[in-house]
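Visitor: how does the following fold in three dimensions:
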Amino acid sequence: MMGVVATNWTSPQIRLRRPLVVFFALTFLFGWGALASLIAFGGLMEPVFGPPSGTHPVFVLAVYSPEFAALYVIWREGGLRDVRDHLRRLTLWRMPAGWWWFLLLAMPAGKYVSALLNGTAGEFPFSPWYMVLPALIPALLLGPIEELGWRGYAQPMLQRRVNPLVASLILGFFWGLWHLPAFLLSGTPQSAWSFGPFMLGAFALSIIMTPLFNVSGGSILIPALFHFQANIPAYPEGQPWENYVFAVVAVVMVIWKRDHFFSREGAVTDVVLRTR
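Guide: The predicted structure follows:
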């Protein structure tokens, strides 16, 4: 009788020589490639998928590129077990109460201060008001999912090599730059913004999310909730002021929590959550 060779998909796969480099390369390859195809062939896709927008299927694929890249690299490095244990970081929610208050209040406060500076604080972009409810769905299912890759994989990998502040700046650079093609694509929110202030905001938000990630033990859920708040469409328009407001918040946070940012002690460096 011929034996059956079983494939153990949970065992470690081929080890990658530089997994973090591979992650960034795949993220940009998938993300920029998808958006480039939408810019070049959007007219051909329009009869099937509609005009380019923030919810266009190809745009959604581009948004998901960081998590696709992270899951692929984790699978190649450690198999499906590591993928599962990576996703378990979505269940981490414990952190000090003060940080929870910061998580819940910092983004709305920053958004409304920015709108006040912009002269649009009294505006509400939906009429009637309940039309905002379906708009919350893409805000929840798009940007926050990026955090599986950015904070869930790249942040701890960077913190193995450098302190949290440097890791934040490196990640903020790649995170902001990754959005560049969206500024060239009509129908996206970024098409109405300036890229320079946006990059400043990317650095700032990357810094702000770093202590949230670390004090929560490497939670992916916490940065995802922060990212969700940043994308909620109910806020009045505050661009480009919100980038400057959050830059000030980031500077204050670095000064206030300098021990956290300049020391690698307490920095999360594990990509997966092992069962003790």
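
Visitor: my read: M45 touches P51, true?
Guide: No. With contact defined as CB atoms under 8 Å, M45 does not count as touching P51 (9.0 Å). C-beta: built from backbone N, CA, C; applies to glycine.

Visitor: per-residue confidence at the residue nearest to F183 when sequence neighbours are not counted?
Guide: With sequence-adjacent residues excluded and distances taken as CB to CB, 6 or more residues apart in numbering, F183 is closest to Q190, at 4.7 Å. Looking at Q190, its pLDDT stands at 85.

Visitor: compare M45 and P51 and say which is more crowded by neighbours.
Guide: M45 (16 against 11; other CB atoms under 10 Å).

Visitor: and the more buried one, what does it touch?
Guide: Applying CB atoms under 8 Å, 6 or more residues apart in numbering to M45 gives the contacts L38, H56, V58.

Visitor: repeat for P189
Guide: G54, A182.

Visitor: one more: K257?
Guide: Per CB under 8 Å, 6+ apart, neighbours of K257: P211.

Visitor: from V245, how far off is it?
Guide: Relative to V245, K257 is positioned 18 Å away (criterion: CB to CB, to the nearest Å).

Visitor: swap in Y130?
Guide: 29 Å.

Visitor: which one's more surrounded, these two?
Guide: Comparing Y130 with V245 by other CB under 10 Å, the one with more neighbours is V245, at 22 against 8.

Visitor: quick one: pLDDT of Q13?
Guide: On the pLDDT scale, Q13 gets 56.

Visitor: need the contact list for P19.
Guide: Per CB under 8 Å, 6+ apart, neighbours of P19: V73, R76, E77, M157.

Visitor: quick one, grab the pLDDT at it.
Guide: 95.

Visitor: please tell me I have it right and F203 contacts F174.
Guide: No. At 10.8 Å, F203 does not count as touching F174 under the criterion of CB under 8 Å.
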